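Undergrad: Return atomic coordinates for the entry below.
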Amino acid sequence: MKIHFIGVGGIGVSALAKYYLEKGHKISGSDLVSSEITDALRKKGAKLLIGKHRVGNLPKSADLVVYSPAVAATNPELKRARKLKIKCQSYPEALGELTKEYFTVAVCGSHGKSTVAAMIGVLLTKAGLDPTVIVGTKVKEFAPHQKGDGGGSNCRVGKSKYLVIEADEHFASFLNYWPKIIVLTTLEPDHLDYYKNFKNYLKAFQKFISHLPKNGILVANKDDRNTYNTFSTAVKNVLWYSLKQKEAGKIRKILKVPGEHNVSNTLAVLAVARILKVPDKISFKVLSEYRGSWRRFDIVEAEIRGYQRGKTRKIIIINDYAHHPTQIKVTLKAAREKFPKKEIWCIFQPHQYQRTYYLWNDFVKVFKEAPVNKLILTDIYSVAGREKKEIKEKVNSKKLVKAVNRENVIFLQKQKIIDYLKKNLKGGEVVIIMGAGDIYDLANIL
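TA: Numbering: from 1, shown residues only. Below you'll find the predicted structure:
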């Protein structure tokens, strides 16, 4: 089968493209910009076109077109495909078809989806269950680390009946999925540009949970008030996990990735392993060896070269995807706990004007209380097709800095950050590069 992917550089869409490549299909695709993700697909045999979307990018012989949810209906490749009556599916629709073919474990929630899905995938792999895994991050255990690849793969194709996926709630994408096990981490207001209010957000999760078959199981976080209040009496087969259970103490001692939120994530993974009859002895060994995934508290040591000839300073870089106030809070807390005596700098790129606007007070509060020595905010990462002009006029990063009103909080344009770091870092600092946009590429420059 010949499949064309529009927006193939996305972390989810690219994983599905890798899946079909591994299955022997001919893959083509297009995206606006190249990246290590598109480079990796090319190496595997995909024919990709980078730059402006054009009608000519679409192979006339394509049997299926899969497009990113971010792709507009006016996209010329998508319009052409529909005119030619080629079957077209959004990424969630295409992934949804796979969930019907496999015994699917889907991880949902406001926070921790990628981490939990990655950990489950790694654990089941090392336990010999040979799962297929499609996740929104790159997992180090799924591919050898090579310079520039981000440290792994977002897709693993196994031969068993098991499929592990990250179930995203934005645009209610997860309503396309039909799993046998659902993991629910936390519930907190997000994506309010789409849902408008928290009530609608909760309704979407309730509808997704209803996709479980009669013998399906919900694994849910008892410590999260919104999760417990919403589902404590609504679902028959619920397996609750909690930081109060006895295994939490053992996990704290063996876990390499820091933070109480990751202890909680690991308890969710352990619950799934037990459902699938993986012995605890194997689970604890695998969990103790887990090294984390791309842009989830991803630690690297680096040398920053200054303006004085021959002078270099060693720093620690933490690359992290956090972009919601709660994620920021727990990540900074984990950093302070892991590096209690070091000077911590945080560079944050707000993700989407809409999120910044709807969660403004939460952002202000978390940055006022942030346990960092220096906080640099850069311009908001604008997501094409998802921003409203009237909201873009109301919020920006300079206004956020002013509202936070701390001496150690400044605004810098992204292109000026590297020079600022070179001039002001003394060596020994921890520099957290944080956000869901393109801020992560600073880590590659340093």
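Undergrad: so where do the helices sit in the stretch 1-150 of the chain?
TA: Secondary structure of the stretch 1-150 of the chain (DSSP state H, counting those that start in this stretch): helices located at 11-22, 36-43, 76-83, 91-101, 113-126.
Undergrad: what's the answer for the stretch 201-350 of the chain, then?
TA: With helices called from DSSP H, counting those that start in this stretch, the stretch 201-350 of the chain shows them at 225-231, 247-254, 260-275, 280-289, 325-338.
Undergrad: Residue 305 is nearest to which of the helices of the stretch 1-150 of the chain?
TA: Among the helices of the stretch 1-150 of the chain, helix 36-43 comes nearest to residue 305, with 22.8 Å by CB to CB. In this view, the C-beta of every residue, glycine as well, is placed from N, C-alpha and C.
Undergrad: same for that closest one, what does it pack against?
TA: Counting contacts by 3 or more CB pairs under 8 Å, 6 or more residues apart in numbering; DSSP states H and E, helix 36-43 is packed against helix 11-22, strand 26-31, strand 47-50.
Undergrad: swap the cut-off to 7 Å and go again
TA: Packing partners of helix 36-43 (3 or more CB pairs under 7 Å, 6 or more residues apart in numbering; DSSP states H and E): helix 11-22, strand 47-50.
Undergrad: most neighbours per residue, which of the ones you listed?
TA: helix 11-22 (a mean of 23; mean count of other CB atoms under 10 Å).
Undergrad: Single out the most deeply packed of the helices of the stretch 1-150 of the chain.
TA: Greatest average neighbour count among the helices of the stretch 1-150 of the chain goes to helix 113-126 (a mean of 27), per mean count of other CB under 10 Å.
Undergrad: Tell me which of the helices and strands packed on helix 36-43 lies nearest to residue 363.
TA: Distance to residue 363, taken as CB to CB, is lowest for helix 11-22 among the helices and strands packed on helix 36-43, at 23.5 Å.
Undergrad: What is the neighbour count of residue 2?
TA: Burial of residue 2 is recorded as 16 neighbouring residues (other CB atoms under 10 Å).
Undergrad: what would the helices of the stretch 1-150 of the chain look like in CSV with mean pLDDT and distance to residue 60?
TA: Listed next are the helices of the stretch 1-150 of the chain as CSV, based on pLDDT from 0 to 100; distance: least, CB to CB, whole Å:
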stretch, mean pLDDT, distance to residue 60
helix 11-22, 95, 19
helix 36-43, 90, 21
helix 76-83, 96, 9
helix 91-101, 98, 20
helix 113-126, 96, 36
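Undergrad: Distance to residue 444 added to those helices, as JSON lines?
TA: Putting the helices of the stretch 1-150 of the chain into JSON lines (distance: least, CB to CB, whole Å) gives the following:
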{"stretch": "helix 11-22", "distance to residue 444": "17"}
{"stretch": "helix 36-43", "distance to residue 444": "9"}
{"stretch": "helix 76-83", "distance to residue 444": "29"}
{"stretch": "helix 91-101", "distance to residue 444": "26"}
{"stretch": "helix 113-126", "distance to residue 444": "20"}
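Undergrad: what's the straight distance from one end of stretch 156-170 to the other?
TA: Start-to-end span of stretch 156-170 (CA to CA, to the nearest Å) is 24 Å.
Undergrad: Over to stretch 77-96?
TA: End-to-end distance of stretch 77-96 (CA to CA): 22 Å.
Undergrad: And for stretch 106-116?
TA: 10 Å.
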